[in-house]
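Engineer: Any chance you can model this:
(one chain, ligands or ions: 1)
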Amino acid sequence: MATLGQPRNFRSAEPISLHNNLVTSVDLTKQQRFKTSSLAGGKRSFEAVNNGAAHVLNAHPQGQFRASKIIKCSPDDVENVQIYRPGSTPSVTQHPLLSLAHANYNLPSQLVRNFEILGVRAIYPWQSSCLMRSGVLTQSKNLVYTAPTGGGKSLVADIVLLKKVICNPPKKGLLILPYVALVQEKTKWLRKLAEGLHKEEPDVPGPKLRTRLRDVVVASFYGGSRSKVTWSDCDIAVCTIEKANMLINTAIEEGTIGDLGIAVCDELHMLDDEHRGYILELMLTKLLTLQLGIQLIGMSATLANPEVLAGWLEAKFFVAKYRPIPIHEHVVYDNAIYPNGILGEPLRTASQLDTSTQRLRQPTRRIEASLHQEMSNPVTNAVVALAVEIAEQGYGALVFCGSRSSTQSIAVLIARCLHHVFVPSSISESRLDALTSLQTLPGGFETALSETVPYGVGFHHAGLTAEERDILAEAYDNGTLKVIVATCSLAAGINLPARRVILNSARMGRDMVGPAMLRQMRGRAGRKGKDEVGETYLCCQKLELEPVAELLEAELPAVVSCLTPEKRGVTRAILEVLATRMISTYEGLQEYVRHSLLWHTVPNHKMVLDMLDAAILSLLKDKLIEVSDLDTYLPTPLGSAIVASGLTPEAGLFVHADLRQALTSFVMDSEIHLFYLFTPIPQPTTGMAMTQDVSWPTFRNLLEQLDDSSIRALRLIGINPALVNRLANDGLDNLPERNEEELRTARVYRRVYSTFALRDICNEVPINTVSLTYNLPRGTIQTLAQSCHGFAAGMIKFCQRMAQPILRTPPQPNDTIISPDAQFIAQAGTPFHGAGRSELSTSEASGFSMLAAVLEHMQSRLYAGARADLLEMAQVTFVKGRMARLLYEAGFKSVRALSEADAKKDILPIMMQISGWKLRQIERESNNMQSEEGDPAAEGNVNSKEQIYEMRRKKLEEKMLRKAEIMVRSAGFIYEREVLRSVDLEG
Ligand SMILES: Nc1ncnc2c1ncn2[C@@H]1O[C@H](COP(=O)(O)OP(=O)(O)OP(=O)(O)O)[C@@H](O)[C@H]1O
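Structural biologist: Numbers count the residues shown, from 1 in each chain. Okay, here's the model as predicted:
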């Protein structure tokens, strides 16, 4: 007989006993005893609901929609997750080194306390060995390490990073992560860990050394971030890969790179990511080449060759196999569940299932076929049944789907099956709260969520806005939602309470997921501190068994360099080190490539040196670098502008051509030309928006609505309205992209299409309308607006650099060797040679300076999403686009006026006006809820639809009032700041 630990939320207070370890999830759910007063309906017992369902399955399709039952069929059934025992971890009394307070770690006591507050009372033995044995904490050695997902890797890096930054006051730390969501999550976590921690730093310079204590500042840096914190203001910068590279470039150029004490790179396997891995490599190679003693830490759960990467990073390496919560894996097909690896042998091939031992052929459980048309597909039937089963027990399920549309449809099915599950009123209220938060988002919300969230189900994909995704992820994290159906956007590194991870097929889009992604997805199950049990179910069609079995057995591929000629090459890397003035000689460049992963993994070093020569030549040809009179390499203003704005050389040349054209014939009487210059150029790394297909009929309609000067601007940019007309009439999808010229043309048309969407956002068109007009998801539109913000900042920098003369530092004594090819070019007297040649004419430089000023003005409009007259107001929290306009029209034309407003009397009515459509939605939903649950009178204390509506309207009003109060306070702060600034200026 086994007993359960204290269950969460839905569970009875009494531990439930399991007979012979065979009690099923359904049995457990039947034993649930809790009183509820659900907003949605009556108080029928589980049995009543369940039995009733059998008889009237199709009579009330909405109310009686049921997930299929899962039935035990093997005596070895260990499916009931409750009987799994998490592996035990030795205690601090057994092993004193497992306490972070141990003198060997020499950590500030406040840091140890903060870890304890966050649930880390003892570290795992492998974490302790990794910290001590590698000398990483005591001797600042570089380290590459790997441990299974959820094995506690981040914690090791957190300790090293924080210790380094706190105990070496002048030093800063950099934490590099691949995704914005991870950057945000990690920033919050590190801020909690750094609470109450101080750095000692010199107070006033002088003969007497006086010090003061200063808080540790953790800041995040990512494209589209609105944070004003700079590198110099923070101690720990948590960044995406691209932002980290830009910070490092700036620090090298400004001579402050010596302040960097440690760089931690999480998800190190991203090195071989097709689009972004090479940036990680060229960045780490810079830090290695500098030889400044910057400590490098790299980690990942999916590294096949950590020793190679450790060799490259001059690091110790450490491999851990420990996972505090083991994951129990299953394969599901044809409505049958098979364990993978848990009953002995893992599943090696598909045929093994049919021909091998009885033990493996026999599924442990079966899922009844569904009578519902919507679940006739066995994969859908299994996914829904498995998710509903665990949600009914009160635990979290994370379901991964291959496409955005399937996340939504599966979530709706799961939610329909959960209609009958009763939940405590506190939970149903927090679900309604989450729904209200979604409904009050200024960018609108995905209405299908109102079918799922009240039943504890959400879906999550890149088509939703960031705010929607945040609300859903938070609601799932705090137990309000029990199921999240997501694309792989939620796969990497995220810490969520998923007891059960379910894969709705092993495909993401058209392709099979790779072994690394599969591990990442499955690794979301059973995370310490979030849940004590983890299990995964990979559901597939029978036809797919062979590739699925291969996938399950596949070894992780070795991480390789993306700087090879057939991938990204070394041109960008070489331009960056020259443009930041880190290197100026051929010898220096050779030294740089010798520090690359490419050099460490490609046996043919001559090939790497040839690549270097080819890159130098191509940069010279494109006039991005030049050879000085002293035979060193220098960046041209263009090369320097490209690096400062974070572009690739190729994208930089494209932008430069556009900007030069804008200088010669800028159409000032239309905004379209300016918006075009702010639209990120279509390339894979700039996000989904750039790769979307153009709807030619929409393009034609948009052109037809333009005035003459806008058409003139577009013609100058390269748009031919007759061609758009033809494409729209012929019903063609895309322009051909067979050669350079065609590629450029297609790029210009796609970019202009995005420009229209951007113009609409800045002209206060609601995001919903923009989404409908361009047939793009709201999340994509939001990503476009956000990436434009970063791109615009890059364009301004680009123009400023083009307007600045390049500072020429005197060469060092040994800085005289240039590559043989470059020498040849120099001797042949090509126009690339000689200082000053590439400097721009004064008129061109002042043209760029003017352009920078104009772009700077437009950047504020982009930021605000509002027209020029509303810019001041749009600085206020929650005042964006349409809200700014309504306040303006109601007489609040300045920040000062808003700061003096009465939140309840003046602002709340305006906010409720904006929420008119939300009220209508609430009304519709209240009607539905009431009618779905039958006759309220018969059910006793069920709320009437008016009561439901009124309750939700009040909630909405309360929420709006809170927002209005924040708005007025924020206006007050801004006004005060302005007054202080003007006093300063006068002073
Ligand atoms: N020693 C510990 N004691 C208690 N909880 C821990 C310990 N180490 C890590 N955890 C917790 O375990 C969870 C997973 O840890 P962490 O995120 O560090 O794993 P990871 O190996 O980096 O995972 P992934 O590869 O999936 O990103 C977190 O909630 C973390 O706080």
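Engineer: ok, so what distance separates R715 from Q362?
Structural biologist: According to CB to CB, to the nearest Å, R715 and Q362 sit 71 Å apart. All C-beta atoms are positioned from the backbone trio N, CA, C, and that covers glycine.
Engineer: what does T571 give?
Structural biologist: As it turns out, when the distance is counted by CB to CB, T571 lies 58 Å from Q362.
Engineer: Settle it for me: which of these two has more neighbours?
Structural biologist: When T571 and Q362 are compared for neighbours, T571 comes out ahead with 22 against 14, by other CB atoms under 10 Å.
Engineer: Could you pull up phi and psi at that one?
Structural biologist: Phi and psi for T571, reported as degrees, to the nearest 10, are phi -60, psi -50.
Engineer: Same question for R366.
Structural biologist: Given degrees, to the nearest 10, the pair of backbone angles that R366 has is phi -120, psi 150.
Engineer: now swap in E741 and tell me
Structural biologist: In terms of degrees, to the nearest 10, the main-chain angles of E741 are phi -60, psi -50.
Engineer: number of nearby residues for it?
Structural biologist: Using other CB under 10 Å, the number of residues around E741 comes to 9.
Engineer: Would you mind measuring from it to the ligand?
Structural biologist: For E741, the distance to the ligand equals 45 Å [CB to the nearest ligand atom, to the nearest Å].
Engineer: With E742 instead?
Structural biologist: With distances taken as CB to the nearest ligand atom, E742 is found 42 Å from the ligand.
Engineer: Quick check: longest helix in the chain by residues?
Structural biologist: Looking across the chain with DSSP state H, the single longest helix is helix 945-986.
Engineer: Check which helices and strands it sits against.
Structural biologist: Using 3 or more CB pairs under 8 Å, 6 or more residues apart in numbering; DSSP states H and E as the contact criterion, the elements in contact with helix 945-986 are helix 425-439, helix 895-899, helix 908-914, helix 916-932.
Engineer: of all those, which lies closest to the ligand?
Structural biologist: Among the helices and strands packed on helix 945-986, helix 425-439 comes nearest to the ligand, with 22.1 Å by CB to the nearest ligand atom.
Engineer: residues near the spatially closest residue to L438 that is not a sequence neighbour, how many?
Structural biologist: Excluding its sequence neighbours, the residue lying closest to L438 (CB to CB, 6 or more residues apart in numbering) is F445, at 4.3 Å. Number of residues near F445 (other CB under 10 Å) recorded here: 23.
Engineer: you'd agree F445 is up against R469?
Structural biologist: No: with the criterion set as CB atoms under 8 Å, F445 and R469 do not qualify as a contacting pair; they are 11.0 Å apart.
Engineer: residues from the stretch 401-550 of the chain in reach of the ligand?
Structural biologist: Taking CB under 6 Å from any ligand atom, the part of the stretch 401-550 of the chain that reaches the ligand is made up of G493, N495, G523, R527, K528, G529, K530.
Engineer: Make JSON lines out of those residues and add pLDDT.
Structural biologist: What follows is these, written out as JSON lines (pLDDT from 0 to 100):
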{"residue": "G493", "pLDDT": "61"}
{"residue": "N495", "pLDDT": "77"}
{"residue": "G523", "pLDDT": "87"}
{"residue": "R527", "pLDDT": "82"}
{"residue": "K528", "pLDDT": "81"}
{"residue": "G529", "pLDDT": "78"}
{"residue": "K530", "pLDDT": "80"}
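Engineer: Return a PyMOL selection command for the buried portion of the residues you listed.
Structural biologist: What follows is the PyMOL syntax selecting those of these that are buried according to 16 or more other CB atoms under 10 Å:
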select buried, resi 493+495+523+527+528+530
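Engineer: Tabulate the residues of the stretch 401-550 of the chain next to the ligand in CSV, adding columns for secondary structure.
Structural biologist: What follows is these, written out as CSV (DSSP: H, G, I helix; E, B strand; the rest coil):
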residue, secondary structure
G493, coil
N495, coil
G523, coil
R527, coil
K528, coil
G529, coil
K530, coil
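Engineer: Okay, now the unreliable bits of the stretch 451-600 of the chain?
Structural biologist: 492-493 (pLDDT under 70).
Engineer: thinking again about what came up before, confidence-wise, which of the helices and strands packed on helix 945-986 is weakest overall?
Structural biologist: Considering those one by one, the lowest average pLDDT is found for helix 916-932, at a mean of 64.
Engineer: what about the strands in the stretch 251-400 of the chain?
Structural biologist: Counting by DSSP state E, counting those that start in this stretch, the stretch 251-400 of the chain has strands at residues 260-265, 295-300, 315-319, 327-333, 336-340, 365-367, 397-400.
Engineer: and the ones you listed, which is most packed in?
Structural biologist: A comparison of the strands of the stretch 251-400 of the chain by mean neighbour count, using mean count of other CB atoms under 10 Å, puts strand 397-400 on top with a mean of 28.
Engineer: Now the element after that one, going C-ward?
Structural biologist: Heading C-terminal from strand 397-400, the first helix or strand you meet, by DSSP states H and E, is helix 404-417.
Engineer: Remind me what that next one packs against, helices and strands.
Structural biologist: The helices and strands touching helix 404-417, judged by 3+ CB pairs under 8 Å, 6+ apart, are helix 378-392, strand 397-400, helix 449-452, strand 457-460, strand 483-486.
Engineer: I'd like to check what contacts it. Which residues are they?
Structural biologist: Contact with helix 404-417 is made by 62, 65-67, 374-375, 380, 383-384, 387-388, 391, 399, 401, 446, 448, 451-452, 454-463, 483, 485-487, 504, 777, as judged by CB atoms under 8 Å, 6 or more residues apart in numbering.
Engineer: near the ligand, which residues of the protein show up?
Structural biologist: Counting by CB under 6 Å from any ligand atom, the residues of the chain that sit close to the ligand are 119-120, 123-124, 127, 147, 149-155, 301, 493, 495, 523, 527-530.
Engineer: again, only using 8 Å
Structural biologist: Near the ligand, the residues belonging to the chain are 89, 118-124, 127, 147-156, 158, 266-267, 299-301, 324, 492-495, 520, 523-524, 527-530 when assessed by CB under 8 Å from any ligand atom.
Engineer: Now, those residues that are in helices?
Structural biologist: Among the residues of the chain next to the ligand, the members falling in helices (DSSP H) are Q127, K153, S154, L155, V156, D158, Q520.
Engineer: For L481, give me phi and psi.
Structural biologist: Torsion angles, degrees, to the nearest 10, at L481: phi -100, psi 140.
Engineer: gap between it and E626?
Structural biologist: To E626, L481 is 58 Å away according to CB to CB.
Engineer: Repeat that for Y586.
Structural biologist: According to CB to CB, Y586 stands 14 Å off from E626.
Engineer: Likewise for V120?
Structural biologist: Summarising the geometry, the distance separating V120 from E626, computed by CB to CB, is 54 Å.
Engineer: which of those two has more neighbours?
Structural biologist: E626 (27 against 20).
Engineer: Run through the neighbouring helices and strands of the helix or strand in which the more buried one is found.
Structural biologist: Assigned by DSSP H and E, E626 belongs to strand 625-627. Contact here means 3+ CB pairs under 8 Å, 6+ apart; on that basis strand 625-627 packs against helix 571-579, helix 605-621, strand 633-635, helix 820-827.
Engineer: Now do the longest one against helix 571-579, angle only.
Structural biologist: Put simply, helix 605-621 runs at 70 degrees to helix 571-579, going by axes from the mean of the first three to the mean of the last three CA atoms, to 10 degrees.
Engineer: Leaving out chain neighbours, which residue sits closest to the residue of the stretch 251-400 of the chain found nearest the ligand?
Structural biologist: With CB to the nearest ligand atom as the measure, A301 is the residue of the stretch 251-400 of the chain nearest to the ligand, at 3.9 Å. With CB to CB, 6+ apart as the measure, T149 is the residue that lies nearest to A301, at 4.3 Å, once sequence neighbours are left out.
Engineer: residues near that neighbour, how many?
Structural biologist: The burial metric for T149, expressed as a neighbour count using other CB under 10 Å, is 23.
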